[in-house]
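**Q** I'll drop the sequence and a predicted model, then ask my questions.
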Amino acid sequence: PRGLAEPCSKGLEGGRLLNENLTRLAQLATVGIKYLTLTHNRNTSWADSATDTPTHAGITAFGLTVVDECVRLGIGVDVSHSADAVVEQLLDRGIPLVATHSGCRAILSHPRNLSDRLILGIVASGGIICVPFAKRFVGSLEGVRDHIEHIVQLTSSYAAVGIGSDLDGAVMVDGMTDVADWCKIGHLLSLRGMSDVGIGDILGGNLLR
């Protein structure tokens, strides 16, 4: 581990790591934490996960305080892994949201994937949906392309979709082993007639912007 003294530019996956301590969130911001994934595979004490039994009907008052503190500190609010109710409640607050590694439920039905309604809400918030390479969320290498194309068609824009590989956290689709394989997605999109500019935005430009 690097330790808190060394700067980084990272995300924190799973709000339970805060131990309900907002001071900890501020400390993490000073060393370069750029986004917080509110939940992981299980609920936190203040927000429901998409893959656990709901206990909070979404997000609690303390959870909203965590979100407000993220906004104050310039930490992005990541709703991948969060239950639908959490995302709905946060959309009502009018803050930009990001889904760092979520597919489309319309393409592959999984509670971790996003409904069209939530995708449109995240885009309207000024956020972005990043499609993973995890087999259980997208199905196949061609499935990655299909999820990307669905978001583009649903939103009528290339601007709100990116890549959120999950390379270090899940079983990848066949043909995807490391970042050197990302070019395969660009190739598949080009075969469908997508422009080089649009592909470049999706493969990194949108997220950097």
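**A** Yep, that arrived.
**Q** Which residue, other than its chain neighbours, is closest to residue 71?
**A** Leaving out its chain neighbours, the residue that sits closest to residue 71 by Cβ to Cβ, 6 or more residues apart in numbering is residue 95, at 5.7 Å. Backbone N, C-alpha and C define where each C-beta goes, glycine included.
**Q** What is the burial count for that neighbour?
**A** Residue 95: 16 surrounding residues under other Cβ atoms under 10 Å.
**Q** So what does it have for phi and psi?
**A** phi -110, psi 150 (degrees, to the nearest 10).
**Q** List the contacts of it.
**A** Shown in contact with residue 95 (Cβ atoms under 8 Å, 6 or more residues apart in numbering): 67, 71, 77, 125.
**Q** Residue 132 now?
**A** If you count contacts by Cβ under 8 Å, 6+ apart, residue 132 has them with 101-103, 138, 144, 164-166, 170.
**Q** Correct me if wrong: residue 38 contacts residue 64.
**A** No: between residue 38 and residue 64 there is no contact under Cβ atoms under 8 Å: 10.7 Å.
**Q** Pass me the low-pLDDT residue ranges in this structure, would you?
**A** The model of the chain has pLDDT under 70 over residues 1-9.
**Q** quick one, strands of it?
**A** Here the chain has its strands, by DSSP state E, at 10-13, 33-37, 76-78, 97-99, 128-131, 161-163.
**Q** returning to that earlier point: just the buried residues of the contacts of residue 132.
**A** Neighbour-count burial (16 or more other Cβ atoms under 10 Å) applied to these gives 101-103, 138, 144, 164-166.
**Q** Filter those residues down to just the ones in helices.
**A** Mapping those onto helices (DSSP state H) picks out 138, 144.
**Q** all helices for the chain, in order.
**A** Along the chain, counting by DSSP H, helices occupy 22-30, 61-73, 84-91, 116-124, 135-138, 141-155, 183-191, 196-200, 206-208.
**Q** mind checking how far residue 158 is from residue 188?
**A** 15 Å (Cβ to Cβ, to the nearest Å).
**Q** More neighbours: which of the two?
**A** Set residue 158 next to residue 188 and count neighbours by other Cβ under 10 Å: residue 158 wins out with 21 against 18.
**Q** Tell me which residues touch the more buried one, please.
**A** By Cβ under 8 Å, 6+ apart, the contact set of residue 158 is 152, 194, 198, 201-202, 206.
**Q** burial of residue 126, as a residue count?
**A** Neighbour count of residue 126, defined by other Cβ under 10 Å: 12.
**Q** That one and residue 94, how far apart?
**A** As judged by Cβ to Cβ, residue 126 and residue 94 stand 10 Å apart.
**Q** coming back round to it: can I get the strands of the chain in a markdown table with mean neighbour count?
**A** What follows is those, written out as a markdown table (neighbours: other Cβ atoms under 10 Å):
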| stretch | mean neighbour count |
| --- | --- |
| strand 10-13 | 18 |
| strand 33-37 | 20 |
| strand 76-78 | 23 |
| strand 97-99 | 26 |
| strand 128-131 | 27 |
| strand 161-163 | 25 |
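**Q** Dump these into CSV; add distance to residue 179 as well.
**A** As requested, these are exported to CSV (distance: least, Cβ to Cβ, whole Å):
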stretch, distance to residue 179
strand 10-13, 16
strand 33-37, 19
strand 76-78, 20
strand 97-99, 20
strand 128-131, 14
strand 161-163, 10
